[in-house]
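Colleague: Generate coordinates for the sequence data below:
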Amino acid sequence: MAGEGALLLAAGFVLLLAAGAPLAVVLGATGAFVILVEKLGIMSVPTNVYGGIAKYPLLALPVFILAGMVFERAGVALPAVRRWARKVTGRAGEGPTRPAPRSARAATLTREVRSP
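Modeller: Presented below is the predicted three-dimensional model:
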């Protein structure tokens, strides 16, 4: 029955993870165990693998994540994001860590207006 295989898979997954086994071992061991118990045969493995990777639009997601990580590690991402944020908001790096530069006259006027 299909329900028994799913139950065995979930139970084995939880038990092995609780025992402290690495995730790759847990996935491989529980999958192999269910294939043997349910007598699915070795041909169920390549069929399921092909069925999983045949969804070509989903293959773009890991590539975009990899590209983002490469940009971040190379130091390209932060200047690009700051440049984009400046163009979108019209501000020149204003924020709590780097206040916008003011002229001496504007600072004087601001202090005079705020003081009683």
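Colleague: Domains in the protein, by residue range?
Modeller: 2-54, 56-93 (automatic domain parsing).
Colleague: pLDDT below threshold where in this structure?
Modeller: 1-2, 91-116 (pLDDT under 70).
Colleague: Run through the helices of it in chain order.
Modeller: Taking DSSP state H, the helices of the chain run over residues 2-19, 23-37, 44-53, 60-74, 77-89, 104-114.
Colleague: can I get the domains of the chain in TSV with mean neighbour count?
Modeller: To be clear about C-beta, it is placed using only N, CA and C from the backbone, and glycine gets the same treatment. As requested, these are arranged in TSV below (neighbours: other C-beta atoms under 10 Å):
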stretch	mean neighbour count
domain 2-54	12
domain 56-93	10
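Colleague: mind checking the backbone torsions on Lys55?
Modeller: The phi and psi values for Lys55, taken as degrees, to the nearest 10, are phi -90, psi 80.
Colleague: From Val49, how far out is it?
Modeller: Noted for Lys55: a distance of 12 Å to Val49, by C-beta to C-beta, to the nearest Å.
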